[in-house]
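Q: output the structure for:
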Amino acid sequence: MEFFRIHRTIPFMRYAKVLNAISIITFIAAVFFLFHRGLHLSVEFTGGTVMEVNYPQGAELDKVRSAVSGLGYQDVQVQNFGSSRDVMIRLPAQKGVSSQEQSNRVMTALKTVDPAVQLRRNEFVGPQVGDELTTNGLKALGMVVVGIMIYLALRFEWKFALSTVLANLHDVIIILGFFAFFQWEFSLAVLAAVLAVLGYSVNESVVIFDRIRENFRRYRKMDTVEIIDSAITGTISRTIITHGSTQLVVLSMFFFGGPTLHYFALALTIGICFGIYSSCFVAASIAMWLGVKREDLIKGGPAKRDEDPNDPNAGATV
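A: The predicted structure is shown next:
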């Protein structure tokens, strides 16, 4: 399905140097803020107090959050779990204040709003748990990167595999750079969003690379730059439909999902935008700089006759 068809090839690779320069500057800035300011890690990573409270009726999370924030906590997490009557509260650790003291202060504040609230569980999450989560998160990220490289190397060619991984790492670092620059809270939900963005970007890269391989088969007289430009132009309609629909869902979570989904949706929003950019321009241009050619993708077999890339009846529609 296509909303529109472009009847001329847009010379995207003509601007590859400019786009890559922007990418390098953005990437360096993100790395700088990651090292200079660091990530503002949530309770899951740094340790703190986890409380579970119960209400006789559905809990009003906004009132719970306001009561806890009134105690001076800026990074408190309040969310339902199990049912609308059960609420989980995560508090960051405070120097010189025990977990029990934190719990008592919070319960006093909550009882002023609703005296019927009951404490079900109170425990301290040590920083060693955060270290374990950090290690496991890095392992998950590494396994995803290795899996992507193996998949693309087998399906396409090592140059495409390398260019896709570099483009995806570009997306991940930029997302982390945004969170470091604005000091947004980095939680397990945000980590899940980063991993989701990796898979999302790979999907877009596979679509474009598949069209590049198809164009190499169809247009024997076109050079590599023209092939890549034609592939990106031919998938624009599909990109707008797919990513536009996904972005509508993510923006719905961002605006209406509440504080629990706020940073998760924010990370996805940044990742989707940069994922489109990196798949179309960064990954494709890196593959071009690496010297990808027809012989890398077409192994033997009869060559098809040339077709007009601007012919609306030429080739399949993505």
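Q: number of residues surrounding residue 35?
A: 9 (other C-beta atoms under 10 Å). From N, CA and C alone the C-beta is placed, and that goes for glycine too.
Q: report the buried residues of the strand or helix carrying it.
A: Take DSSP states H and E as the rule and residue 35 turns out to sit in helix 16-36. Under the neighbour-count criterion of 16 or more other C-beta atoms under 10 Å, helix 16-36 has 16, 19, 23, 26, 27, 30, 33, 34 buried.
Q: same list (these) but as a markdown table, adding distance to residue 176 and pLDDT.
A: Listed next are the buried residues of helix 16-36 as a markdown table, based on distance: C-beta to C-beta, whole Å; pLDDT from 0 to 100:
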| residue | distance to residue 176 | pLDDT |
| --- | --- | --- |
| 16 | 25 | 89 |
| 19 | 21 | 88 |
| 23 | 15 | 90 |
| 26 | 12 | 93 |
| 27 | 11 | 93 |
| 30 | 7 | 95 |
| 33 | 9 | 95 |
| 34 | 6 | 93 |
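Q: closest one of these to residue 102?
A: Proximity of those to residue 102 (C-beta to C-beta) peaks at residue 34, which lies at 30.1 Å.
Q: who touches the closest one in this structure?
A: Residues in contact with residue 34 (C-beta atoms under 8 Å, 6 or more residues apart in numbering) are 173, 176, 177, 180.
Q: and for the nearest residue to residue 88 once chain neighbours are set aside, the neighbour number?
A: Closest residue to residue 88 apart from its sequence neighbours, by C-beta to C-beta, 6 or more residues apart in numbering: residue 81 at 4.9 Å. The tally of other residues near residue 81 (other C-beta under 10 Å) stands at 9.
Q: please apply the same query to the one 5 residues further on.
A: Counted with other C-beta under 10 Å, the neighbours of residue 86 add up to 15.
Q: so where's the stretch 101-250 of the chain shaky on pLDDT?
A: 127-130 (pLDDT under 70).
Q: ok, back up a step: in ChimeraX, how would I select the buried members of the contacts of residue 34?
A: Buried residues among the contacts of residue 34 (16+ other C-beta under 10 Å), as a ChimeraX selection:
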select :173,176,177,180
